[in-house]
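K.L.:
okay, structure incoming, though there's no sequence with it:
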């Protein structure tokens, strides 16, 4: 069994505060995480680092109080994350060059699980007890796929080509 701590609290804004979600881009050797932040030294954020924990970098830090899960769309090099306090799902580029994140879905109660497949973003809303799907680029064409699913959190797509 092998275990290594990749990111820790360093007291600097790039360090770990209270990490919540993680997603990987193995082809580019990167990991991305969402972090609730801590005690003023680490902001709520979306960050990246090399898969060995080196070169940590904050990508997005604006209006992220209550940030939770994250997923990656490797085909378009975008990240999607849930901001519970705002009832939103936001997205931004993996390189962090977008100056502000884009709100893709709003007016959610407790957005939690996220995944991308094809041209759609799938997500769960734990309070509304639903699995929903929207167009990943615009947030349009919302479809309720399942409802009445108490305790629902995570979602994952397994697909064959």
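P.N.:
Nice, I can see it. Note that this is a predicted model, so its numbers are computed, not measured.
K.L.:
quick one: residues contacting the residue nearest the centre of the chain.
P.N.:
Central residue of the chain (C-alpha atoms, centre = their mean): residue 70, 1.7 Å from the mean position. Contacts for residue 70 were tallied using C-beta atoms under 8 Å, 6 or more residues apart in numbering; they are 20-23, 32-34, 46, 79-82, 114. Bear in mind the C-beta positions are built from the backbone N, C-alpha and C, glycine included.
K.L.:
mind redoing it with 10 Å?
P.N.:
Taking C-beta atoms under 10 Å, 6 or more residues apart in numbering, we find residue 70 in contact with 20-23, 32-35, 46-47, 79-82, 114.
K.L.:
out of those residues, which two sit at the greatest distance?
P.N.:
By the measure C-beta to C-beta, those have their two most distant members at 47 and 114, which lie 16.8 Å apart.
K.L.:
circling back: if I look at the residue nearest to the centre of the chain, how far off is residue 83?
P.N.:
Distance of residue 70 to residue 83, computed by C-beta to C-beta, to the nearest Å: 11 Å.
K.L.:
which residues do those two both contact?
P.N.:
Each of residue 34 lies in contact with both residue 70 and residue 83 under the rule C-beta under 10 Å, 6+ apart.
K.L.:
where along this structure do the strands fall?
P.N.:
19-25, 30-35, 45-50, 57-60, 67-73, 78-83, 88-93, 102-105, 111-117, 120-125, 130-135, 143-147 (DSSP state E).
K.L.:
deepest-packed of these, please.
P.N.:
Among these, the stretch with the highest mean neighbour count (mean count of other C-beta atoms under 10 Å) is strand 78-83, at a mean of 25.
K.L.:
circling back: now the strands of the chain as a markdown table including mean pLDDT?
P.N.:
As requested, the strands of the chain are exported to a markdown table (pLDDT from 0 to 100):
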| stretch | mean pLDDT |
| --- | --- |
| strand 19-25 | 95 |
| strand 30-35 | 96 |
| strand 45-50 | 96 |
| strand 57-60 | 95 |
| strand 67-73 | 96 |
| strand 78-83 | 96 |
| strand 88-93 | 96 |
| strand 102-105 | 94 |
| strand 111-117 | 94 |
| strand 120-125 | 95 |
| strand 130-135 | 96 |
| strand 143-147 | 95 |
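K.L.:
state the pLDDT value of residue 40.
P.N.:
pLDDT, residue 40: 76.
K.L.:
start the count at 198 instead of 1 going forward.
P.N.:
I'll keep to 198 as the first residue from here, and by that count the last item is residue 237.
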